[in-house]
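S.K.: This is a predicted model, with the sequence first.
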Amino acid sequence: MLDMDFVRAQFPAFQSPVLSSHAFFENAGGSYPCQQVVDRLTRFYTHRKVQPYGPYPGAQAGGAEMDEARTRLSAMMGVAPKEVSFGPSTSANTYVLAQAVRQWLRGSNAAIIVTNQDHEANSGVWRRLADEGIEVREWQLDPATGSLDPADLTALVADGRVKLLCFPHCSNVIAEINDVAAITAIARAADVRTVVDGVSYAPHGFPDVPALGCDAYLFSAYKTFGPHQGIMVLREAFGMELPGQAHYFNNATLYKRHTPAGPDHAQIAACAGMADYVDAIAAHHGFGGDALARNRGVHDLMRAQEIAIIAPLLDYLAGRNDVRLLGPRDATRRAPTVAVELDRAAEPVSEALGREGIACWAGDFYAVRPLQALGIDLDKGVLRMSAAHYTSPQDVSRLITALDRVL
C-alpha cells in the first residue's frame, strides 16, 4: 500500500496555509509540484541562471542538469534520451508534430484517423490537415458510454490508405483508460503510425512506452507534479522520417528536430525532480531494479491507491438520480477524473463547493467534441472532480459531504 504520510510530505502544498484549506480536486487541470521539483527549480534560478553549456561553472552545471532531466525521464519510460523532447506545452508540441505530418503526407492521397473522445489539442490540429487534401477519418465514441470500440478502428484502417492514428490514453472528461497496447497493435498490423495524447493519464503513472507500442506519446509536466513543460516521446524511426521543424542545422539531433521554440532551461532541469520523486517512492516502498522497473512499481502503487480512494465517490454518484456520470462506473477501468452532467448549470455548483472547502471546477475543459457527442449542453457544462495518488480518503469523504449539501 502507498504510504500516504510519506507521499503527502513530498508536496509543499499540503503545508501551505493557502492551498491546504481546501480538499484539492482540480488535479486534471494541474497537479501540485513535488518538493524535488521546487528544489531543483529554485537551485537553477539561484545558482545556474546563465546560458547553459558554456565554459564556466554555472553554465556547465546548468547544462548538466538539463541533460540529467532527459536522461532520467527517458530511462523511467524505457526509451533513448534522444527520443525525449521538451516544449512549452503539449498543445505546442502536438501542433509542431502536426506540421511535420502535414509535410510528410502532402500530396500522398493518404488518410489519418482522429477520435471525438479527445481534448481539442489532440484533435483540432490533426483535423486541419484536411486543408492539404489529407482525408481525416473519425473514430467515433459510443454516445451512450463514451467508449471507443476497437472493432470500429479495424474497419477504418482496412483500405490501407491510413498512415496515422491519433487518440488519447484517456479522455479528460470520460476518463476511461483506453487499451493503448491493443490499439497500437491494430495500427501496426495496418502499417499505421500512432500518436497518443497521454496528458490525462500520465499523472496516474508515467508511461512504459515500449509496452504501449506507440510512435509518439505526449504529456504535460505540470500535471505530473512538475513545472509547466510539455514532454514528447518521439520514437527515432518516426521522428527522423518526419520533416524537421526546427533550425536546419539541428535536424540531425532528434530531440531538437521537432522543437522550434527555444528551451526553457530552468524548467527542463527541474523536470529531473519528477524522476527524483518516483525514485523516492520506490526506495521508501522497497522497489529495486532499473529506472523502468522502479517506475512500473510506483505506477502500480499509484493506480491501486487511486482506485481505492475514488470508488466511494463513484458509489455515491451512482446513488443519485440528478447526475449523469461520464465514463465507466468501475474505478479499475478509469482514471480518477470524475465528470458529471447535472440537472442544472455546473459552474455555480463548483462555486458553491468552493465555499464548502472543495477545490474543483466546471465547464467544457476543451473537451467540446466528446461532450457534444454525449449529448451534453455546453452552456451547462459538466462538473469535474479529479483526484491523484496523493488524494486522501478524508478528502473524498469531505467532497461527498459537500456534494450532499450543495446538490
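M.R.: Okay, I see it. Residues are numbered from 1 along each chain as shown.
S.K.: tell me the domain boundaries of this structure?
M.R.: Taking automatic domain parsing as the reference, the chain has its domains at 4-31+293-400, 42-275.
S.K.: of those domains, which approaches residue 281 most closely?
M.R.: Between residue 281 and the domains of the chain, the shortest separation by CB to CB is 4.9 Å, and it involves domain 4-31+293-400. All C-beta atoms are positioned from the backbone trio N, CA, C, and that covers glycine.
S.K.: As CSV, the domains of the chain with distance to residue 407 would be great.
M.R.: Converted to CSV, the domains of the chain look like this (distance: least, CB to CB, whole Å):
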stretch, distance to residue 407
domain 4-31+293-400, 6
domain 42-275, 19
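S.K.: Nearest to residue 406, out of those?
M.R.: Residue 406 lies closest, by CB to CB, to one member of the domains of the chain: domain 4-31+293-400, at 4.5 Å.
S.K.: tell me the mean pLDDT over the closest one?
M.R.: Mean pLDDT, taken over the full extent of domain 4-31+293-400, equals 98.
S.K.: What's the end-to-end length of it?
M.R.: Distances were taken as CA to CA, to the nearest Å; on that basis the terminal residues of domain 4-31+293-400 are 20 Å apart.
S.K.: Am I right that residue 158 sits in a helix?
M.R.: No. Secondary structure of residue 158 (DSSP: H, G, I helix; E, B strand; the rest coil): coil, not part of a helix.
S.K.: Give me the phi and psi angles of it.
M.R.: For residue 158, the backbone dihedrals are phi -70, psi -30 (criterion: degrees, to the nearest 10).
S.K.: Could you verify that residue 390 is part of a helix?
M.R.: No. Counting by three-state DSSP, residue 390 is not found in a helix; it is coil.
S.K.: which residues touch it?
M.R.: When the contact criterion is CB atoms under 8 Å, 6 or more residues apart in numbering, the partners of residue 390 are 4, 7, 8, 11, 14, 32.
S.K.: Name the nearest of the residues you listed relative to residue 179.
M.R.: Checking these against residue 179 with CB to CB, the nearest one is residue 7 at 27.9 Å.
S.K.: So the closest one lies in a helix, does it not?
M.R.: Yes. Note on residue 7: a helix contains this position according to three-state DSSP.
S.K.: Excluding chain neighbours, give the residue nearest to it in space.
M.R.: Take residue 7 and drop its neighbours on the chain: the residue closest to it by CB to CB, 6 or more residues apart in numbering is residue 390, 5.2 Å away.
S.K.: Could you do residue 237 as well?
M.R.: Counting by CB to CB, 6+ apart, the nearest residue to residue 237 once its immediate chain neighbours are dropped is residue 215, at 7.6 Å.
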